[in-house]
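> Quick check, what structure comes out for this input:
(2 chains)
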There are 2 protein chains.
Amino acid sequence: MEKILRQQIEKIVKLTDEEFSFVLSHFTLRSFRKHQYVVQAGDAAPNDHFVVKGLLKSFYVDDAGKSHILQFAMEDWWISDPQAYHNKLAATLNIDCIEDTQVLFISIDNREKLCAEMKKIEYFFMKKTTAGYIALQRRILSLMSQTAEERYRQFIQFYPLLLQRLPKALIASYLGVSRETLSRLSAS
Amino acid sequence: MEKILRQQIEKIVKLTDEEFSFVLSHFTLRSFRKHQYVVQAGDAAPNDHFVVKGLLKSFYVDDAGKSHILQFAMEDWWISDPQAYHNKLAATLNIDCIEDTQVLFISIDNREKLCAEMKKIEYFFMKKTTAGYIALQRRILSLMSQTAEERYRQFIQFYPLLLQRLPKALIASYLGVSRETLSRLSAS
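From the prediction side, this is the model:
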């Protein structure tokens, strides 16, 4: 179960068995059912979640009650409300499960303790945050400059596995297109 | 000149004079004139830039030749093509000067050397990257869920100093609205 976390970390820094046990002692394993909320807007100081099994989404509900999907996460991905997590604020995002899900979660206090004790892990988180930053910037460019069709093609190119597991309605919401547009694109 | 870099770092980690000299030895000071390019799409392995004086923008030119502004940066901010910088790739973004500008730039190799030798600075960069990640996510939510008027109000709220220094046409481009819409909003 925890092996995939170790594999991800070891793509960046090597760990002994003892070191990995120490890392893991800062995480908690938890299961959620499909449709269950992992984080709800308003929750105090939500955790960061490494997905061991399953599929989740983070989304923002605007004042008019409309949902906007920010991110999906499947096995080997991380998902959180980063603003609330890093600044210890109440969540403004929601995170719920699209499939039955298991996560290893870590509180910001535990992450800070772990990083202070183990510089290798701080380096790992730095690399992951940088990769996340680059992905977000790609998303912004995509929202600003691409047509619906280009956004769909890019999604397929970057996330082929997600495409197979996600309901079409969620992909449409993530891309900011109507279901009709998406059906037309995925048929062509 | 270099004092504002030290001030920024010391908001996160304290440095001795000797340590700051060591940090600074990894940077190079360079001046640019208004309209001059700091990074041009296609440049190999561009640098990261800390703004000592002046004002810059980063932008993407799409296949149809249309510019999309990703970011502005004035004194005490950082600006780069993060994907090209961190992955040592050719730039896909452009960065040019809106005013006469001075930057302290650092190559990715120098940054990696510096971080390896000085864990305090790695921690500083981690905090800055995390803050940048949060700002990008706010921008994505804004592009997905806000009206032009809401985006304009948020821009004023977060960046009041920028507002005074930027030509209206650039603010309109950044917000993804027409100049007419912006004039209407800023008059109301």
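> Could you tell me how many residues sit around A:D100?
14 (other Cβ atoms under 10 Å in any protein chain shown). In short, each C-beta sits where N, CA and C put it, glycine included.
> does the helix or strand containing A:V51 come close to chain B?
Using DSSP states H and E, A:V51 sits in strand A:48-53. No - Strand A:48-53 lies apart from chain B when judged by Cβ under 8 Å from any Cβ of the partner chain; the minimum separation is 11.3 Å.
> Quick one: distance of the longest helix along chain A to the chain centre.
Secondary structure of chain A per DSSP state H: the longest helix is helix A:119-145. A distance of 12 Å separates the centroid of the chain from that of helix A:119-145, by Cα atoms, centre = their mean, to the nearest Å.
> So which bits of chain A are right by chain B?
Contact residues (Cβ under 8 Å from any Cβ) of chain A with chain B: A:60, A:62, A:66, A:68, A:70, A:82-83, A:86-87, A:115, A:119, A:122-123, A:125-126, A:129-134, A:136-141, A:143-146, A:176.
> Got a ChimeraX select line for the buried ones in the residues you listed?
Typed into ChimeraX, the next command selects the buried ones out of the residues of chain A next to chain B (criterion: 16 or more other Cβ atoms under 10 Å in any protein chain shown):
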select /A:60,68,70,82,83,86,115,122,123,125,126,129,130,132,133,134,136,137,139,140,141,143,144,145,146,176
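> for the residue nearest in space to the middle of chain A, phi and psi?
With distances taken as Cα atoms, centre = their mean, A:I79 lies nearest the centre of chain A, 2.8 Å away. Dihedral pair for A:I79: phi -150, psi 140, per degrees, to the nearest 10.
> Name the nearest residue to it, ignoring sequence neighbours.
A:A73 (3.7 Å; Cβ to Cβ, 6 or more residues apart in numbering or on different chains).
> What residues of the strand or helix carrying the one you found count as buried?
Per DSSP H and E: A:A73 is located in strand A:67-74. Neighbour-count burial for strand A:67-74 flags A:H68, A:I69, A:L70, A:Q71, A:F72, A:A73, A:M74 (criterion: 16+ other Cβ under 10 Å).
> Output those as JSON lines; include the columns pLDDT.
Compiled in JSON lines, the buried residues of strand A:67-74 are given as follows (pLDDT from 0 to 100):
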{"residue": "A:H68", "pLDDT": "91"}
{"residue": "A:I69", "pLDDT": "94"}
{"residue": "A:L70", "pLDDT": "92"}
{"residue": "A:Q71", "pLDDT": "93"}
{"residue": "A:F72", "pLDDT": "96"}
{"residue": "A:A73", "pLDDT": "96"}
{"residue": "A:M74", "pLDDT": "96"}
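> rewinding a little: can I assume the residue nearest to A:I79 is in contact with A:V52?
No - the criterion here is Cβ atoms under 8 Å, and A:A73 misses it with A:V52 at 11.1 Å.
> distance between the ends of stretch A:93-103?
End-to-end distance for stretch A:93-103, by Cα to Cα, to the nearest Å: 18 Å.
> now it: how far from the chain's centre is it?
The answer for stretch A:93-103 is 10 Å, by Cα atoms, centre = their mean.
> if you average pLDDT over it, what comes out?
Averaging pLDDT along stretch A:93-103 gives 98.
> And the contacts of that stretch?
By Cβ atoms under 8 Å, 6 or more residues apart in numbering or on different chains, the surrounding residues in contact with stretch A:93-103 are A:1, A:29-41, A:46, A:49-61, A:70, A:72, A:79-81, A:84, A:165-167, A:170.
> just the strands in chain A please.
With DSSP state E as the criterion, chain A has strands at A:28-32, A:37-39, A:48-53, A:55-61, A:67-74, A:78-79, A:94-97, A:101-106.
> Now the least confident helix or strand in chain A by mean pLDDT: buried residues?
The helix or strand of chain A with the poorest confidence is helix A:179-187; it has a mean of 86 (mean pLDDT, DSSP states H and E). For helix A:179-187, the buried set under the neighbour-count rule, 16+ other Cβ under 10 Å, comprises A:L182, A:L185.
> Just the CA atoms of that helix, as CSV, please.
Extracted C-alpha coordinates of helix A:179-187, given in CSV (Å, rounded to 0.1, in the frame of the first residue of the first chain):
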residue,chain,number,x,y,z
ARG,A,179,-21.0,18.2,-22.5
GLU,A,180,-22.3,18.6,-26.1
THR,A,181,-19.0,20.2,-27.1
LEU,A,182,-17.1,17.4,-25.4
SER,A,183,-19.1,14.7,-27.1
ARG,A,184,-18.4,16.3,-30.5
LEU,A,185,-14.7,16.5,-29.7
SER,A,186,-14.3,13.0,-28.4
ALA,A,187,-16.2,11.6,-31.4
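> What helices and strands are in contact with that helix?
Judged by 3 or more Cβ pairs under 8 Å, 6 or more residues apart in numbering or on different chains; DSSP states H and E, helix A:179-187 is in contact with helix A:148-158, helix A:168-175.
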